[in-house]
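Peer 1: Got a predicted model here, sequence first, then my questions.
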Amino acid sequence: MTPEVIVRVFDIIGGPLCVSTCDGQRLYDKIAPLLRTGTPVVLSFEQIEILIAAFLDAAVGQLYGELPDESIHALLSFRDLADDDREMLDHVIENAKLYFKTPDDFDRVWREELGVEKE
């Protein structure tokens, strides 16, 4: 079995604020290749002071568009999260699962809501 890799979020984004989707993308770019090869990943949120859903959408949510739920569940774990941050992460994951089941339907409804024609 492949040994787990502990990824310290603080080290990847360079500070305690997880508020940027660009930083979330950097974290995704670090963990997605590991998960694709079956390497277990532990995300440590030690030293993180502020965490928002947009960051988690970019870092974790988009994984559900490329990997099976079961693989992510088996390979990705989280530690050093406050209870309210864990709850937010759970919401991000559930929303990502729903979105990636029928992304075209979600996109169509969003375009209709905004009054935007499909390109």
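Peer 2: Perfect, I can see it now.
Peer 1: Without its sequence neighbours, what residue ends up closest to the residue most central in space within the chain?
Peer 2: Nearest to the mean C-alpha position of the chain, by CA atoms, centre = their mean, lies V60 at 1.0 Å. The shortest distance from V60 to any residue other than its chain neighbours is 6.3 Å, reached at V92 (CB to CB, 6 or more residues apart in numbering). No exception for glycine: its C-beta is placed from N, CA and C like everyone else's.
Peer 1: That neighbour and L75: what is the separation?
Peer 2: Computed as CB to CB, to the nearest Å, the V92 to L75 distance reads 17 Å.
Peer 1: For L51, give me its contacts.
Peer 2: By CB atoms under 8 Å, 6 or more residues apart in numbering, the residues touching L51 are C18, V19, F45, L81, D85, M88.
Peer 1: Spatially nearest residue to the fifth one, not counting backbone neighbours?
Peer 2: When you say that, I think you mean D85. With CB to CB, 6+ apart, the residue lying closest to D85 is L51, at 4.9 Å.
Peer 1: Show me the beta-bridge partners of the one you found.
Peer 2: C18 (DSSP bridges).
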